[in-house]
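>>> 3D model of this:
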Amino acid sequence: MKQLALKVDVDTYRGTREGVPRLVEVLKRHNAQATFFFSLGPDHTGRAIKRVFRPGFLGKVSRTSVVEHYGIKTLLYGTLLLGPDIGRKCADIMRSVRDEGFETGIHCYDHIRWQDNVAGKDAVWTERELRLAVERYVEIFGEAPHAHAAAGWQMNRHALRMMQRLGFDYSSDTRGTQPFIPTWNAEIIACPQLPTTLPTLDELVGCDGITPENVAQHVLALTGNPSATGHVYTLHAELEGGKWMPAFEQLLQGWQAQGYELVSMRQYLQGLDAGALPRREVALREIEGRSGTLAVSL
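Predicted coordinates for the structure are as follows:
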């Protein structure tokens with residue numbers, strides 16, 4: 001059966017508290033599996049205001065109604081309001097996801113700090129951030145994590161090396177067309193990358209006449225002819241777990257009608273021939289619908 005893996009990025013306190021339980025309920029109702037990647041430290045979403053100077057950032061904000069999805073309070077965390085510690089306040093919710101039978105993994109410790117800084121940081125900074133996330137994950141779940149999905153698809157060479165050193169079974173830090181073994185400046189990193197292969201809803205809505213009402217049809221058109229290695233779709237607890245849940249339900253129903261088995265990232269990995277994965281160089285590149293550069297497989 002064709003497989004489509006669902007990767008849930010959980011960026012904020014509000015997304016964890018409100019979006020995650022809603023997504024668990026809808027996934028169970030549709031007999032779909034998924035992997036939830038949690039932000040485990042403080043919510044400093046308000047500090048993203050610094051991105052206003054990036055090309056394309058204001059356009060994306062205006063297209064996707066950030067205030068509507070995230071709420072005023074979230075957009076003040078880390079500036080005018082103290083950012084709540086997501087891992088401390090929402091540990092029970094995170095464990096409940098595992099207890100409902102869903103895979104969990106690390107998204108980051110501090111989402112804004114990782115997304116806005118990691119590309120230019122050294123090995124010491126990168127290892128400290130990852131260790132904070134790993135230690136908090138162990139504190140919450142009582143076991144070591146086995147998977148990572150980088151905040152904002154932002155990585156550096158040191159972070160990729162850490163995926164191997166930490167013994168992760170896989171990582172999903174990149175955008176691309178198929179699973180691969182990553183290289184960085186020709187250095188091989190022995191940890192499979194399962195890249196996001198489809199555009200996200202916030203990259204599509206507001207472009208070329210695409211609305212929340214018809215975006216599902218656009219994505220389903222992309223999956224109508226299956227890839228030989230299936231697909232990975234990234235959703236966000238703040239979006240598909242909130243105002244855009246009707247579109248997400250349309251996607252779930254549409255993918256099942258197209259014959260896809262909706263699986264977790266681990267199930268997707270288990271369906272691959274790990275020994276036959278191609279090597280792909282990772283580089284920072286722009287992609288349509290997002291501001292700045294992302295880790296992309298070449």
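>>> which ones are touching His146?
His146 is in contact with 105, 167-169, 266, counting by CB atoms under 8 Å, 6 or more residues apart in numbering. Glycine gets a C-beta too; all of them are placed from N, C-alpha and C.
>>> tell me where the protein has helices.
For the chain, the helices identified by DSSP state H occupy 13-14, 20-29, 57-64, 66-76, 86-89, 91-99, 111-117, 123-141, 157-165, 201-204, 215-223, 245-257, 265-270, in order along the chain.
>>> with distance to Gln193, mean neighbour count and mean pLDDT added, can I get those helices in CSV?
CSV is the format used below for the helices of the chain (distance: least, CB to CB, whole Å; neighbours: other CB atoms under 10 Å; pLDDT from 0 to 100):
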stretch, distance to Gln193, mean neighbour count, mean pLDDT
helix 13-14, 29, 22, 96
helix 20-29, 24, 18, 98
helix 57-64, 25, 16, 50
helix 66-76, 28, 16, 68
helix 86-89, 25, 19, 98
helix 91-99, 23, 16, 98
helix 111-117, 17, 21, 96
helix 123-141, 16, 17, 98
helix 157-165, 8, 19, 97
helix 201-204, 20, 23, 96
helix 215-223, 20, 18, 98
helix 245-257, 22, 18, 98
helix 265-270, 11, 19, 98
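>>> the ones you listed: which one's closest to Thr229?
Closest approach to Thr229 among the helices of the chain (CB to CB): helix 265-270, 9.1 Å.
>>> hmm, who's touching that closest one?
3, 5, 7, 33, 35, 103, 105, 146-147, 169-170, 172, 179, 192, 194, 230, 232.
>>> next step: the residues you listed restricted to strands.
Mapping the contacts of helix 265-270 onto strands (DSSP state E) picks out 3, 5, 7, 35, 103, 105, 147, 170, 232.
>>> which residues does Val26 contact?
With contacts taken as CB under 8 Å, 6+ apart, Val26 has the following neighbours: 245, 248-249, 252.
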